[in-house]
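[1] Can you look at this prediction? I've put the sequence above it.
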Amino acid sequence: MLKGLYIASSSMLAKQHQLAIISNNLANASTAGFKRDEGIEQSFPEVLISRIEEGRKAGDIGSMSTGVSLEETYTDFRQGYLKHTGNKLDVALEGDGFFVIETPAGLRYTRNGNFTLNQQGQIVTQQGYPVRGERGPLQTITGREIKIDGNGRLHLGNLRGDRFLIVDFPDKSQLEKIGDNLYSSRTAGEQLTAGYRLRQGYLESSNVKTLQEMVRMIEVNRIFEANQKVIKSLDSTLDKAVNSVGRVG
């Protein structure tokens with residue numbers, strides 16, 4: 001009976017983490033370049049069940065799971081659809097790669113191309129972090145029209161500017177979300193990539209499918225509630241076993 005309590009409670013903890021992941025996906029469904037997360041559950045090692053007769057082991061009768069846990073969380077990096085905005089500083093990445101961003105904590109990476117200009121004429125994120133080109137922060141010239149071609153080259157009027165620095169990672173599992181739609185890399189595994197095209201005046205939408213996430217949330221919540229009922233039932237049974245069974249009237 002106590003074992004049943006442990007199994008049900010471990011499932012509740014796993015589902016609680018799943019609900020947090022799904023809630024975060026839904027909260028960022030309209031965030032440009034956001035990539036949804038998914039939790040992977042794994043059962044604890046199964047234990048062998050034996051039959052005991054007259055104080056001795058009489059034989060094995062099978063195995064039993066001892067619960068479940070959330071093993072890891074992974075990020076789904078599939079492409080989101082491109083949404084036209086008409087803003088000349090909105091840039092969508094179509095294909096592989098990440099923009100490189102300079103932050104006080106070092107280089108970070110993002111798929112969010114919702115950029116703006118700072119007072120120095122540099123292309124920056126909405127948080128004010130400079131976007132890296134191949135020769136440093138991307139610089140514009142006041143009064144000159146900004147055009148960005150498919151290869152990421154800046155054209156400032158009749159002048160050619162720097163080019164967006166786009167990198168990719170052979171093992172994206174090494175990327176970690178750190179907030180503000182930015183990623184950090186646990187290893188120095190970034191490399192230049194040519195498998196992309198930039199689209200000026202577009203933004204990549206998140207790859208969160210709202211309806212799918214809502215259905216998933218309902219499923220996880222029902223499993224959570226079912227485990228609550230199991231624990232309540234077992235607790236009631238234990239209460240009777242302790243306080244009622246064997247009581248001398």
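    That came through fine.

[2] Longest helix in the chain, please.
    Using DSSP state H, we find that the single longest helix of the chain is helix 210-243.

[3] so where's the chain shaky on pLDDT?
    Within the chain, the segments meeting pLDDT under 70 span 1-6, 43-67, 69, 235, 238-249.

[4] rerun at 80
    Within the chain, the segments meeting pLDDT under 80 span 1-10, 41-71, 188, 231-249.

[5] Please parse it into its domains.
    Here the domain assignment for the chain is 2-75+209-243, 82-204, based on automatic domain parsing.

[6] Can you add mean neighbour count and give those domains back as TSV?
    Quick note: C-beta positions are derived from backbone N, CA and C, even for glycine. Formatted as TSV, the domains of the chain follow (neighbours: other C-beta atoms under 10 Å):
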stretch	mean neighbour count
domain 2-75+209-243	14
domain 82-204	16
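
[7] Just the CA coordinates for stretch 129-147, please, in CSV.
    C-alpha atoms of stretch 129-147 as CSV (Å, rounded to 0.1, in the frame of the first residue of the first chain):
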residue,chain,number,x,y,z
TYR,A,129,22.2,43.8,-27.2
PRO,A,130,24.3,44.3,-30.4
VAL,A,131,23.8,41.8,-33.2
ARG,A,132,27.1,40.4,-34.5
GLY,A,133,28.3,40.7,-38.1
GLU,A,134,31.3,38.9,-39.5
ARG,A,135,33.4,42.0,-38.6
GLY,A,136,31.8,42.9,-35.3
PRO,A,137,28.5,44.6,-34.3
LEU,A,138,26.4,45.4,-37.3
GLN,A,139,26.7,49.1,-38.1
THR,A,140,24.3,51.2,-40.2
ILE,A,141,24.6,54.8,-41.6
THR,A,142,22.0,57.4,-40.5
GLY,A,143,19.8,58.4,-43.4
ARG,A,144,20.7,55.5,-45.7
GLU,A,145,18.1,52.9,-46.6
ILE,A,146,18.8,49.5,-45.0
LYS,A,147,18.4,46.5,-47.3
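
[8] Quick one: residues contacting the residue nearest the centre of the chain.
    Centrality entry for the chain: nearest residue to the mean C-alpha point is Asp37, 2.9 Å, by C-alpha atoms, centre = their mean. Residues counted as contacts of Asp37 (C-beta atoms under 8 Å, 6 or more residues apart in numbering) are Ile21, Asn24, Asn25, Thr73, Tyr74, Thr75, Asp76, Lys177.

[9] Take those residues and write them to JSON lines, including secondary structure and distance to Glu225.
    Shown next, in JSON lines, are the contacts of Asp37 (DSSP: H, G, I helix; E, B strand; the rest coil; distance: C-beta to C-beta, whole Å):
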{"residue": "Ile21", "secondary structure": "helix", "distance to Glu225": "18"}
{"residue": "Asn24", "secondary structure": "helix", "distance to Glu225": "21"}
{"residue": "Asn25", "secondary structure": "helix", "distance to Glu225": "21"}
{"residue": "Thr73", "secondary structure": "strand", "distance to Glu225": "23"}
{"residue": "Tyr74", "secondary structure": "strand", "distance to Glu225": "26"}
{"residue": "Thr75", "secondary structure": "strand", "distance to Glu225": "28"}
{"residue": "Asp76", "secondary structure": "coil", "distance to Glu225": "27"}
{"residue": "Lys177", "secondary structure": "strand", "distance to Glu225": "29"}
